[in-house]
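In: Below are the sequence and a predicted model for it; my questions follow.
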Amino acid sequence: MRRRPDIEAANLHAVDAADRLLLDVAAEALATTTPGGVAVIGDNFGALTLGLAVQHGISDIRVHQDPLTGVLALAANAADAGRSDCYRSLRLGEELLTGATVVLMRLPRGLAELSEIADAVARYASKDVTVFAGGRDKHLTLAMNGVLGQVFASVTPSLGRQKSRVLVAKDPKSLGIEPFPVTEVITDLGLTVVAHGAAFSGAKLDIGTRFLLDFVPRMRDADLVVDLGCGTGILAVALARHRPDAAVVATDQSAAAVASAIATADANGVGDRVQVVRDDAMASIADGTVDLIVCNPPFHLGAAVHTGAAVKMFEAAGRVLRPGGELWTVYNAHLNYRGMLQRLVGRTDVVGRNRKFTVARSISNGRRLTH
């Protein structure tokens, strides 16, 4: 199995011990499931889905993956294995979970994401559902047991193996209104933020994004603006407000981010002028067509600290910017991305710096368009 189109490197793996342990711990429950009774959530690159198909002979598997790279990796790995017909990709919600008696999931990094997933399973799956939620020991916290315990009466850990563990949750509780998405008002900016659980920073204003917002009035005039890695869409909304005649595209590979950005744009009255696209590094945007890009790139891939995601975004910016177009980036000061930006996009100047963050402006020289 491979991670493609996500970053591939010697220290980044498509399958790990937590995937294998999940399949083994759930084996007894899987043996008695009926067709269509299994749902998979957070399958990084397809190991769980294809393990169910190959090892347990299960078909009609319903799958939800928040990152688009996971969706594409599963599709590629399933095609390689001749198993493309064994699963369906669905949004987190009723269609994914109705009637499910077994749910396999990788525990997400964020508690808010786990809370939204757990609520959806308890709300829509069969009342006799068993949830097998696994991960690597170094990424597990007792708080995860607590989040699952809010909606399931029984939460028990499996025996550990190869520094991995599975939490087994049963007996969903009665629930009230759906807690997601959440909404908060950033009073000093007059901005309403709407967020699903997996959206970066939730409904809060990330401090890096707040710093970059100060520079919006200094950014060049533009007909087409892109908020790359838009999260909840705060930058896209700010740009739409500041440039009422510009076309604004907000793009992110996270399904939760896309849903959040659409809701945030609508809540701030600019939903008709902000197009939100689920995309991997602006793959759907033509070369040399964009005047201005803003970006607050991640510095991790899943749970691993890695600059590969930022590099991929900078390469994409160099491709889609017109000659003379600008990329404005905010990043943790210790990362020192300036040289990378200069190489991949064009002349780069540091235009702002505080104790935690750097803001850089890169001007495209059009070199990437000739390759």
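Out: Nice, I can see it. Residues are numbered from 1 along each chain as shown.

In: Now do the helices in this structure.
Out: 17-25, 27-30, 47-56, 68-81, 94-97, 111-124, 142-149, 207-213, 234-242, 255-267, 308-320, 338-344 (DSSP state H).

In: got these as CSV, with mean pLDDT columns?
Out: Formatted as CSV, the helices of the chain follow (pLDDT from 0 to 100):
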stretch, mean pLDDT
helix 17-25, 97
helix 27-30, 96
helix 47-56, 95
helix 68-81, 96
helix 94-97, 98
helix 111-124, 98
helix 142-149, 97
helix 207-213, 96
helix 234-242, 97
helix 255-267, 98
helix 308-320, 91
helix 338-344, 94
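
In: Looking at the ones you listed, which is nearest to residue 228?
Out: Residue 228 sits nearest to helix 308-320 of all the helices of the chain, at 5.8 Å, using CB to CB. C-betas here are computed from N, CA, C, even on glycine.

In: Run through who's touching that closest one.
Out: Under the contact criterion CB atoms under 8 Å, 6 or more residues apart in numbering, helix 308-320 has outside partners 7, 9, 12, 226, 228-229, 281-283, 285-290, 293, 295, 297-301, 327, 329, 331, 335, 337, 340-341, 344-346, 362, 364, 367-369.

In: Likewise for stretch 188-203?
Out: So stretch 188-203 is contacted by 66, 108, 110, 112-117, 180-186, 204-206, 209, 213, 231-232, 234, 237-238, 254-257, 259-260, 263-264, 267-268, 298 (CB under 8 Å, 6+ apart).

In: before we move on, what about stretch 258-276?
Out: Residues outside stretch 258-276 that contact it (CB under 8 Å, 6+ apart): 181, 183, 191-196, 199, 230-234, 236-237, 240-241, 244, 247-252, 277-278.

In: repeat that for 7 Å
Out: 181, 191-196, 199, 230, 232-234, 236-237, 240-241, 248-250, 252, 278 (CB atoms under 7 Å, 6 or more residues apart in numbering).

In: likewise stretch 46-53?
Out: Outside stretch 46-53, the residues that touch it by CB under 7 Å, 6+ apart are 1, 14-15, 19, 22-23, 38, 40, 43, 58-59, 61, 63, 73-74, 77-78, 81, 83, 86-87, 104.

In: domains of the chain?
Out: 17-172, 182-370 (automatic domain parsing).

In: if we can go back for a sec, buried members of the contacts of stretch 188-203 into PyMOL, please.
Out: Here is the PyMOL command that selects the buried residues among the contacts of stretch 188-203 (16 or more other CB atoms under 10 Å):
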select buried, resi 66+108+110+112+113+114+115+116+117+180+181+182+204+205+206+209+213+231+232+234+237+238+254+255+256+257+259+260+263+264+267+268+298
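
In: before we move on, the earlier item: ok, of the contacts of stretch 46-53, which come out buried?
Out: Of the contacts of stretch 46-53, these count as buried by 16+ other CB under 10 Å: 1, 14-15, 19, 22-23, 38, 40, 43, 58, 61, 63, 73-74, 77-78, 83, 86-87, 104.
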